[in-house]
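*Asks:* Structure for this input, please:
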Amino acid sequence: MSENNELRDVFDAIADPTRRRLIRLLAEAEEIPLHELTAQFQMGRTAVSKHLTILKEAGLVLDRKVGRETRFRLNASPLREIQNWVAFYGKFWSTNMLRLNQLLEEEEE
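*Replies:* Predicted coordinates:
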């Protein structure tokens, strides 16, 4: 479970391509109303809202009411958990590939 939010894991939240696309759209704008987000998908408002709720539970999306409209914006800080995870395994693979290369060079000698 994510350290950032006990309701929803960040990895779980970004596992779905629709949610990743929502994150991308929100990253490209300061704030987007629900009706504009819905227009970007071939699904209804309810389905988009469900995806946004999952992202919100993971702390990736913030919302606010402006009159009767709900506007959404990205909170990218929980993505740092994923960045750290990928960086750890990037270092892991680099180290192991270096070891493998050293073993192969020793065998050639």
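
*Asks:* Please verify my assumption that Ala58 contacts Leu22.
*Replies:* No: the pair Ala58 and Leu22 does not pass the contact test of CB atoms under 8 Å, sitting 11.7 Å apart. Yep, even glycine has a C-beta here, placed from its N, CA and C like the rest.

*Asks:* what residues do the two have in common as contacts?
*Replies:* With contacts defined as CB atoms under 8 Å, 6 or more residues apart in numbering, no residue is adjacent to both Ala58 and Leu22.

*Asks:* Could I get the contacting residues of the nearest residue to Arg73 once chain neighbours are set aside?
*Replies:* Distances taken as CB to CB, 6 or more residues apart in numbering put Glu31 closest to Arg73, at 4.5 Å, once the chain neighbours are dropped. Under the criterion of CB under 8 Å, 6+ apart, the neighbours of Glu31 are 71-73.

*Asks:* Which other helices and strands does the helix or strand bottoming out on mean pLDDT in the chain contact?
*Replies:* Using mean pLDDT, DSSP states H and E, helix 79-108 stands out as the lowest-scoring helix or strand of the chain, at a mean of 84. For helix 79-108, the elements it packs on are helix 10-14, judged by 3 or more CB pairs under 8 Å, 6 or more residues apart in numbering; DSSP states H and E.

*Asks:* which is the next helix or strand following the helix it packs on?
*Replies:* Tracing the chain past helix 10-14, the next element assigned as helix or strand by DSSP states H and E is helix 17-27.
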